[in-house]
Every structure is written in structure tokens, then in C-alpha cells.
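>>> Build me a structure from this.
(2 chains)
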Number of protein chains: 2
Amino acid sequence: MTKPNADEHLKIGAIIFPGMDQMDFTGPFEVLSRVPNSTFYISWKDKTPVRDARGLLLTPDTTLAETPPLDVLVVPGGSGQVELMEDETVLAFLRSQAANARLVFSVCTGALTLGAAGLLRGVKSTTHWASFHVLQHFNAIPTNERVVTDGKFVSAAGISSGIDGALRVAAMLRGDAVAQGIQLYMEYAPEPPFDSGKPETAPQDVLTTARAAASELGEKRVKMAKRISAGWGKKQN
Amino acid sequence: MTKPNADEHLKIGAIIFPGMDQMDFTGPFEVLSRVPNSTFYISWKDKTPVRDARGLLLTPDTTLAETPPLDVLVVPGGSGQVELMEDETVLAFLRSQAANARLVFSVCTGALTLGAAGLLRGVKSTTHWASFHVLQHFNAIPTNERVVTDGKFVSAAGISSGIDGALRVAAMLRGDAVAQGIQLYMEYAPEPPFDSGKPETAPQDVLTTARAAASELGEKRVKMAKRISAGWGKKQN
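A predicted model of the protein is given here:
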């Protein structure tokens, strides 16, 4: 992506939806709502508040239909993401926005929604560790890094990785110094109290419990991904 | 704090308010809403949605008056925090909750609100780097660490540090394995793209710009803190 001119007003927007994981969105919002000379749009089918997976109410300020063409499209995930994978209204919105956006930025299982829209075919991508095995069924190129960039597509791994991804997006849009200023403002010099943030480092029993808790939804996502991508042979998206 | 029994239901709650910084709250919410056998309360004066400093709508689910005695009280900050420092309704709520809570957890300039309530006198505390110099005027013991614990008081530094603080609080409440499980779920293995998250490491020009942007509000906070603590000599809180 070519860096836009500083005097060019940027339209940045995220979809929100029921059952999302709020931090997939609020992490990037914290960063990207502070990009100089930009407007942040929060979009859903209507303007009724949605509840995240733990009950937090989030309120859209515009509808999918009214959302202008975005420079940056942010696509969060969360368990409710499963409902979007066969929702033609949402998939059509994502395809249409992605066609013109400078950057399409997925967080967590938001990548699977983009995958279902057929947008990640041949694209290096990541997602939440518990759904990483699903990516291949959308013909994405699974790439086990915290933030992956491939052309206009930026994907961040699970939930909190959206903060790291958003700082990179901010730097792509407005340069390193702007991103560094936002990082300083947020005092983002993390000190996790444990080294348990990814499967490679988590204690074995913690990982075993987490895998068990995630397995049912993971299998559902694989089945859906296979069904959706099987349809691609029959028609063009 | 003695760790509560696993079968003891915990009431965890946060205040939200206009002009807050949403991540001061959404970071801890992501963690603490997942503490087993607990309920999370989101409280403000009434149930009307409030806008954070960047315009995100957050909706309370209970009022200050209706909030039950909390085991854990979360106090976020943000520029709108200044309005709370002389708001007797809020200060009385904080004093009354703090008297009975197991833990009082401030994030960012939420510490200054607790300070204004007279709750941090002689308490080791931290806050956002740009407001660190204000703490002394509330007779707190300023302690330059990312997360500070002193008795029932836990304070986290700026904005994103609330995630680190909340993981520590989760461990205090339910043990390390629970906190590690939440950390893994959130995939919190941060990789900031720059080393600009605190004044000690940020590039000099980035820091200079940030200090200039923060100076006016910082001076206002110092003046208020002096005025408020001067009153303590005359009456007991």
C-alpha cells in the first residue's frame, strides 16, 4: 500500500455484531480512532446495540448500507462470527468494501469471515490459534505469526493481537512516528504476568483445558468452511 | 487479600463515564468477565449510554445506587475523569464500595479519582505516565511500575496496562491457572511493533510531542489535586 498523503482524510471502519469478542474491536478502535485526519465508522445491519460474547453492549453508529467506501476495513471475530460465514448481506458488504479498500484488517476469527467471503484465497493469513486449522479450508495460506501482511490484507492472531496489528496499520497509514505516539499515549509497554499467551508457551494443563473448550466450535467452523469452499467450484463469487 | 473459595460467587464491577478512555475499561472487562463464578456489573449514574473520549458508546447495565457491594471495584480513567474528582455522588460511591471490597483496581487516571476520594493516602500507587506527578498531591506514594499492589489497592499505569493488571487480579481471585487460561484465550503474547510504550523508551521527538499535548490537562489535574487535598485538613472524609 502506498502511504496516503497527510492531507487526505481517511475513512476507517469496523463491523460489529452479536457474539463478537469486544476486544477484537476495542483494541483496534483505541489505536485507529487516533489516526490523524480520519473518521471511524462503526457499522452493523441496523443501529441497535449488539452484545459481545460476554454481554458488553456495543452500539453501531451507521448501517452496512450507509457505510461509505472505507480506506481501512476492520473485521473482528469471536464466537458469533460463525453466523456471518453464510450471511450473504455481510459477505456482500465485505466483498464490496474490500474491492476498494486500501487495507482489509482482520482480527482473530474475523479472518474466517473474510475467508467465507472468498477473499483470502491465496492470501497469507493468520487467526486465533484455536481456529488456525480452519484457514486452509478457505484456500488461505496459513501463516503462524502474530500479525501477517499480504498485499492489502493484514490479519492479526487472537483477540489482543489486534492492538499490535492496529499499530502496524497506523504506521502504514501515517508513518512510524504517529504510531509511536499512539503507542506512548496508550502506554503500551506490555508486561504480561505469565508467559501463557500462546499454545507454544502456555502450561500444558492450561492448553489442554483450552483446546477442549474450543474443540466443538472449531469442528463446526471446519465443516462450514468445507461446505462454503466446496460451493466455489460451482459458481464464481 | 485471601483468595476466595471457588464456590463463592464474586461481584466484579466497573464505573463508566463520559470522556473515559474505553480501553481502561474494555481491557479489564475482557479478562475479568471471564473469571469463573462471577458477575460483572457496569455502573453509572443512570443507564444512558456514555461516549468515551473518542466517541465510542458504552452502556451501563446498572446505576451507582443499585450496584451491590462489589468484591472487585474497577475504576478506569481518561480525560473525562477530571469531572469526577469533585463529584460527590461518585466519590461517595467509591468510598462506600472501597470500604467493603476485596480489591480496588484503578486503571490509568482512575487512580486520580480514587486519590480525590481520599482513598490513596499512604498507598503505593501508579497512574498514566503523563499524570504520575499528580499522585503525590493526593498523598499517595507514587510508584513507577506498570502494576502496583498495596493491600487491597491495585493500580495499573496508562490505558493498556489495565490488561496486565486485570490478569494479576484474576490470579489473585482464582489462582494462576485461571489467569493463564484467560491469557491464552486472549492470545495475549504481545509483540508491539515499536519500543515506544513508555517515556523511558519512546523516541525523544515522540515524547516531546506527547508531553506538550498532555501538559494543559496535567496542570489542571495538579491544581485540582492541591485544592482537594487542602480541604482534607479542614474536614475528615
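>>> I figured A:Ile141 was touching A:Ser125, is that so?
Yes. A:Ile141 is within contact range of A:Ser125, at 6.7 Å (criterion: Cβ atoms under 8 Å). The C-beta positions use only the backbone N, C-alpha and C, and glycine is treated the same way.
>>> overlap in contacts of these two?
A:Leu135, A:Asp150 (Cβ atoms under 8 Å, 6 or more residues apart in numbering or on different chains).
>>> So between those two, which is more surrounded?
More crowded of A:Ile141 and A:Ser125, by other Cβ atoms under 10 Å in any protein chain shown: A:Ser125, with 25 against 15.
>>> Tell me if I'm right that that one and A:Thr143 touch.
Yes. In this structure, A:Ser125 is within contact of A:Thr143 by Cβ under 8 Å, at 6.3 Å.
>>> who touches both of those two?
A:Asp150.
>>> what kind of secondary structure is the most far-flung residue of chain A relative to its centre in?
What lies farthest from the middle of chain A is A:Asp205; by Cα atoms, centre = their mean that is 28.4 Å. Here A:Asp205 is helix, with the state taken from DSSP: H, G, I helix; E, B strand; the rest coil.
>>> before we move on, what about A:Thr149?
strand.
>>> what's the neighbour count on the residue nearest to it when sequence neighbours are not counted?
For A:Thr149, ignoring the flanking residues on the chain, the nearest one in space by Cβ to Cβ, 6 or more residues apart in numbering or on different chains is A:Arg168 at 7.3 Å. Using other Cβ under 10 Å, A:Arg168 has 22 other residues around it.
>>> hang on, A:Arg168 packs against B:Pro192?
No. In this structure A:Arg168 lies outside contact range of B:Pro192 using Cβ under 8 Å: 9.8 Å.
>>> Number of residues surrounding the nearest residue to A:Met1 once chain neighbours are set aside?
Nearest residue to A:Met1, sequence neighbours excluded (Cβ to Cβ, 6+ apart): A:Arg102, at 5.3 Å. Using other Cβ under 10 Å, A:Arg102 has 19 other residues around it.
>>> quick one: contacts for A:Arg102?
A:Met1, A:Pro4, A:Asp71, A:Val72, A:Lys152, A:Leu173.
>>> same check, this time on A:Ala6
For A:Ala6, counting by Cβ under 8 Å, 6+ apart, the contacting residues are A:Pro36, A:Asn37, A:Arg174.
>>> Check whether A:His9 really touches A:Val35, as I assumed.
No. A:His9 lies out of contact with A:Val35 (Cβ under 8 Å); the separation is 10.5 Å.
>>> returning to what we had before: would you mind measuring from the residue farthest from the centre of chain A to chain B?
Distance, A:Asp205 to chain B, by Cβ to the nearest Cβ, to the nearest Å: 7 Å.
>>> can you check A:Val134 too?
15 Å.
>>> what does A:Ser215 give?
14 Å.
>>> picking up where we left off before, who's more crowded, A:His9 and A:Val35?
Under the criterion of other Cβ under 10 Å, the comparison of A:His9 against A:Val35 puts A:Val35 first, with 21 against 10.
>>> Can I take it that the more buried one is in a helix?
No. Assigned with three-state DSSP, A:Val35 falls outside any helix and is coil.
>>> residue contacts, it?
A:Leu10, A:Ile12, A:Ala170, A:Leu173, A:Arg174, A:Val178, A:Ile182.
>>> give me the element A:Phe17 is part of.
Using DSSP states H and E, A:Phe17 falls within no helix or strand.
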